[in-house]
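Student: Structure here, sequence nowhere to be found:
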Ligand SMILES: Cc1ncc(COP(=O)(O)O)c(C=O)c1O
């Protein structure tokens, strides 16, 4: 760790006139080995024996561990139609394909997310129509979604910002009314629930990410959960070129006609092995995120410079992020850094990227949210003393 930090520091110092290289940025977000990190990889040592067994089993591609992992995930999603994949981005791309989104179709999406939510729309050759967000949650506004529907609209992508579920009843009503598919980007929302039912059981498609710093990591990985069995079966083919891996074959799969082209998006047994072990811990991981968030929400009430996000009690956030709105946010971020606490806006609004320039549009809710939003560490790695120190620091700065 010390050696890595020295290299990073040296790179940043030596090339201070250049852009900081990406690995250094990631390192800084995780605390750079100093201070309290915003994110941390959860990787228990107990993974080791399981991992060795898989690595030496003679089968490391998509095999029995993938199937086992999918069965084990089903109760978490309240849905049996689980397809594990190599990333959350792949899950979104596959969802768009299964929603029959193609060239020049329109997909209504949110700008307030990781670029990964919107790049798959470009990959499908479709057009992005930005809907505004609720500036007090960061989530897509169903009223604006409905306003943006045209005869070309095929799907809506709804991101659960920080793990707080979107207005799923309203969105699914809109989906039914206009015959368009609702795709949840639940990359932040593993283990969250809405109206008492887990995220994964509400919409046509729900996409999860098991990337390095998520609640449940398989190093890289993701899952697509489908409402209907037909989409699930088609998705199973399309995640591996369109080839059926399950049928009886005389000669490997050489005799099979591939009817519809697919991708190489499947998960492998190595990632699934990690995922299976992580499932023994993820309940506690989520519990700790939520306890820390409840503690912050209680302590941050009534601070003049700080607004808590407006969370309803008909849903449970997974609190991947603890986002709050702070006036003069940049000064606040600077002070938090000086206090040794890593904070960040985490995702930049997407609509201002050059790659999305043709879709630009006025989004007052996004502009308001972006002006003040900032996330502080909330995860399982915080000790009680660190959590108290973070709260004391925030209160001191936001009086
Ligand atoms: C909101 C959101 N959607 C999608 C993704 C993409 O997931 P992955 O990194 O597994 O491709 C991420 C990122 O990690 C994300 O934060």
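Tutor: Perfect, thanks for sending it. Worth saying up front: this structure is predicted, and the values here are computed from it rather than measured.

Student: CA only for contacts and neighbour counts going forward, please
Tutor: Will do.

Student: Point to the residue nearest the middle of the chain.
Tutor: Closest to where the C-alpha atoms of the chain average out (Cα atoms, centre = their mean) is residue 187, at 2.0 Å.

Student: ok, now how distant is that one from the ligand?
Tutor: Separation of residue 187 from the ligand (Cα to the nearest ligand atom, to the nearest Å) stands at 5 Å.

Student: pretty sure that residue is touching residue 213, no?
Tutor: No. Using Cα atoms under 8 Å, residue 187 makes no contact with residue 213, being 10.7 Å away.

Student: interface residues of the chain facing the ligand?
Tutor: 87-89, 113-114, 116-117, 185, 187, 209-211, 221-222 (Cα under 6 Å from any ligand atom).

Student: Mind picking the two most distant members of those residues?
Tutor: 113 and 221 (18.4 Å; Cα to Cα).

Student: And those two? Which one has more around it.
Tutor: Legend: neighbour count by other Cα atoms under 10 Å for residue 113 and residue 221, higher for residue 221 (27 against 23).

Student: ranges for the strands of this protein?
Tutor: 82-85, 106-110, 127-131, 153-159, 181-185, 193-194, 197-198, 205-209, 222-226, 306-308, 315-316, 322-326, 373-376 (DSSP state E).

Student: need those strands in a markdown table with mean neighbour count and mean pLDDT, can you?
Tutor: Output for the strands of the chain, formatted as a markdown table (neighbours: other Cα atoms under 10 Å; pLDDT from 0 to 100):
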| stretch | mean neighbour count | mean pLDDT |
| --- | --- | --- |
| strand 82-85 | 29 | 99 |
| strand 106-110 | 27 | 98 |
| strand 127-131 | 25 | 98 |
| strand 153-159 | 26 | 98 |
| strand 181-185 | 28 | 99 |
| strand 193-194 | 22 | 98 |
| strand 197-198 | 18 | 98 |
| strand 205-209 | 30 | 99 |
| strand 222-226 | 29 | 98 |
| strand 306-308 | 20 | 98 |
| strand 315-316 | 20 | 98 |
| strand 322-326 | 24 | 98 |
| strand 373-376 | 23 | 98 |
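
Student: These: which one's closest to residue 272?
Tutor: With Cα to Cα as the criterion, residue 272 lies closest to strand 82-85 of the strands of the chain, at 8.4 Å.

Student: Pass me the low-pLDDT residue ranges in the chain, would you?
Tutor: Across the chain, the ranges flagged by pLDDT under 70 are 1-33.

Student: Could you rerun that using 80?
Tutor: Applying pLDDT under 80 to the chain flags residues 1-34, 248-250, 252-255.

Student: how does it divide into domains?
Tutor: The chain breaks down into these domains under automatic domain parsing: 1-31, 32-40+282-398, 47-278.

Student: Quick check: chain neighbours aside, which residue is closest to residue 357?
Tutor: Excluding its sequence neighbours, the residue lying closest to residue 357 (Cα to Cα, 6 or more residues apart in numbering) is residue 351, at 7.0 Å.

Student: ok, now which ones touch the one you found?
Tutor: Residues in contact with residue 351, defined by Cα atoms under 8 Å, 6 or more residues apart in numbering, are 111, 130, 357, 359, 360, 361.

Student: re the thing from before, for the domains of the chain, which one ends up most surrounded?
Tutor: domain 47-278 (a mean of 21; mean count of other Cα atoms under 10 Å).

Student: ok, which stretches of the chain are helices?
Tutor: Secondary structure of the chain by DSSP state H: the helices cover 2-14, 22-29, 47-55, 64-77, 88-98, 119-123, 142-147, 168-178, 229-238, 269-278, 282-299, 329-338, 364-372, 384-398.

Student: mind pulling up the phi and psi values for the nearest residue to residue 337 once chain neighbours are set aside?
Tutor: Of all residues beyond its chain neighbours, the one nearest residue 337 is residue 343 (7.2 Å), with distances taken as Cα to Cα, 6+ apart. Dihedral angles of residue 343 (phi, psi; degrees, to the nearest 10) stand at phi -130, psi 160.

Student: Thought residue 160 was touching residue 189, still the case?
Tutor: Yes. If you go by Cα under 8 Å, residue 189 and residue 160 touch, sitting 6.4 Å apart.

Student: Find the closest residue to the ligand in the stretch 101-250 of the chain.
Tutor: residue 209 (4.0 Å; Cα to the nearest ligand atom).

Student: Tell me which residues touch residue 108, please.
Tutor: Taking Cα under 8 Å, 6+ apart, we find residue 108 in contact with 128, 129, 130, 131, 145, 148, 149, 153, 155, 156, 157.

Student: OK, contacts around the residue nearest to the third one when sequence neighbours are not counted?
Tutor: Spatially, and ignoring its direct neighbours in sequence, residue 130 is nearest to residue 109 (5.2 Å; Cα to Cα, 6+ apart). Contact analysis of residue 109 by Cα under 8 Å, 6+ apart lists 118, 128, 129, 130, 131, 140, 156, 157, 158.
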